[in-house]
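Engineer: sequence first, predicted model second:
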Amino acid sequence: MKLKALSIITVLGALGLAGCANTDLYSGDVYRGSDAKQSQSVTYGTVVSVRPVTIQAGDENPNLIGTVGGGVVGGILGSQVGGGSGRSLATAAGAIAGAMVGTRAEDKINQVNAVELEIRTDMGENLVVVQKADRTWQSGQRVRLVGSGSSMSVAPY
């Protein structure tokens, strides 16, 4: 019984750590280490539109912790039900249900509130940048775009 309680505590701890993923890297105020000491281009523009969106973070190891952890907890809980072949079925059903719940929980934990900013540059080009919603943006606001391509951040000007 102590082993099962320890297993549940271990898995719940791992699920808790999954919620500690660093979502600040989606902020316009946070640079990756590889961006330091690198030349970045700067463009100026005006916000045309702002739309709330969601970033689904955690694509590096999609649902690994949630699926495995949920499956283990579900299997342990299912093994507490019935006896004989009924216990085996309950364990399997618990593991499957736990994996499904764990996957959904991890997906929800890894969501980041964000904004889609459509910007008209001073050179007449329209760009769209998605970043963490950590400040208020308004249409008509002047902005500074730093970087290019897949490494672009927007800051107030």
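Structural biologist: Thanks, I have it. Numbers count the residues shown, from 1 in each chain.
Engineer: where in this structure is pLDDT low?
Structural biologist: 1-39, 58-68, 70-71, 74-75, 103, 105-109 (pLDDT under 70).
Engineer: could you point out the longest helix of it?
Structural biologist: The residue-count maximum for a helix in the chain (DSSP state H) belongs to helix 84-109.
Engineer: next SSE downstream of that one?
Structural biologist: Beyond helix 84-109 in the direction of the C-terminus, DSSP states H and E gives the next helix or strand as strand 111-121.
Engineer: kindly export that next one (C-alpha atoms) in CSV.
Structural biologist: Below are the C-alpha coordinates for strand 111-121, written out as CSV (Å, rounded to 0.1, in the frame of the first residue of the first chain):
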residue,chain,number,x,y,z
GLN,A,111,-2.0,27.0,-23.1
VAL,A,112,-0.8,30.6,-23.1
ASN,A,113,-3.1,33.6,-23.6
ALA,A,114,-1.7,35.6,-26.6
VAL,A,115,-2.5,38.3,-29.1
GLU,A,116,-2.3,38.3,-32.9
LEU,A,117,-1.0,41.8,-33.9
GLU,A,118,-1.5,42.9,-37.5
ILE,A,119,1.0,45.7,-38.1
ARG,A,120,1.4,48.0,-41.1
THR,A,121,5.1,48.8,-41.4
